[in-house]
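Peer 1: No sequence on hand, only this structure:
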């Protein structure tokens, strides 16, 4: 069946909870929500963009139920799936709006932290961080993906990311 993984938050929440519990039982102190691809652009590939709120709200609630007092819940926000101008066709303001829509749902569901993860473009990471800062007081972490040449796909070196991430107010930064 061609559906996004985030749909399991509605159709089979127990399997998601069991995965979270497996991580906690293995010693994890942070678990990430099943919301990585929950944005209107990616969900649009499945004609499920209207499910964004329910996927995100359920994803956080499942993680909170699994975590109890044993772990923290990190609400995952992944890349939109389009590059921001001038490298791509996505205007910065539209990226900001897409991320703001997600963050507003997260703000109501109250995870412990927001995890902006696996970004390849510093402008996209910046748009997401600004959306977080403007729409919630929940602390956030940013991770970026670096290629073999020690730069992101769009050319940002780790040192520049560290300065920008700190300047954006991330409580932690990382690489994957």
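Peer 2: Looks like it arrived, so ask away. None of the values given here were measured: they were computed from a predicted structure. Residues are numbered from 1 along each chain as shown.

Peer 1: Give me the most central residue, this protein.
Peer 2: residue 77 (1.1 Å; CA atoms, centre = their mean).

Peer 1: Tell me how far that residue lies from residue 123.
Peer 2: 15 Å (CB to CB, to the nearest Å). Glycine gets a C-beta too; all of them are placed from N, C-alpha and C.

Peer 1: In contact with the residue nearest to the centre of the chain: list those residues for me.
Peer 2: 35-36, 39, 99, 102-103, 106, 114-117, 128 (CB atoms under 8 Å, 6 or more residues apart in numbering).

Peer 1: Which one of the residues you listed is nearest to residue 170?
Peer 2: The shortest gap between residue 170 and any of those belongs to residue 116, at 7.9 Å (CB to CB).

Peer 1: Is it correct that the closest one falls within a strand?
Peer 2: Yes: assessed by DSSP: H, G, I helix; E, B strand; the rest coil, residue 116 belongs to a strand.

Peer 1: Count residues in the vicinity of it, would you?
Peer 2: Using other CB atoms under 10 Å, residue 116 has 30 other residues around it.

Peer 1: In the beta-sheet assignment, what are the partners of it?
Peer 2: Applying DSSP bridges to residue 116 gives these bridge partners: residue 77, residue 142.

Peer 1: residue furthest from the geometric center of the chain?
Peer 2: Most remote from the centre of the chain, using CA atoms, centre = their mean: residue 149, at 24.8 Å.

Peer 1: So residue 84 sits against residue 93, correct?
Peer 2: No: using CB atoms under 8 Å, residue 84 is not in contact with residue 93; the gap is 9.8 Å.

Peer 1: Compare the two (neighbour count), which wins?
Peer 2: residue 84 (22 against 11).

Peer 1: roughly how far apart are the nearest residue to that one once chain neighbours are set aside and residue 35?
Peer 2: Spatial nearest neighbour of residue 84, excluding adjacent residues (CB to CB, 6 or more residues apart in numbering): residue 123 at 4.5 Å. Noted for residue 123: a distance of 22 Å to residue 35, by CB to CB.

Peer 1: The two: who's more crowded?
Peer 2: Between residue 123 and residue 35, counting by other CB under 10 Å, residue 35 is the more crowded of the two (30 against 20).

Peer 1: And the residue lying closest to residue 36 once chain neighbours are set aside, how far from residue 144?
Peer 2: Nearest residue to residue 36, sequence neighbours excluded (CB to CB, 6+ apart): residue 78, at 4.0 Å. Distance, residue 78 to residue 144, by CB to CB: 12 Å.

Peer 1: likewise residue 110?
Peer 2: Distance of residue 110 to residue 144, given as CB to CB: 26 Å.

Peer 1: quick one, which of the two is more surrounded?
Peer 2: residue 144 (27 against 13).

Peer 1: pretty sure that one is touching residue 152, no?
Peer 2: Yes: counting by CB under 8 Å, residue 152 is a contact partner of residue 144 at 5.5 Å.
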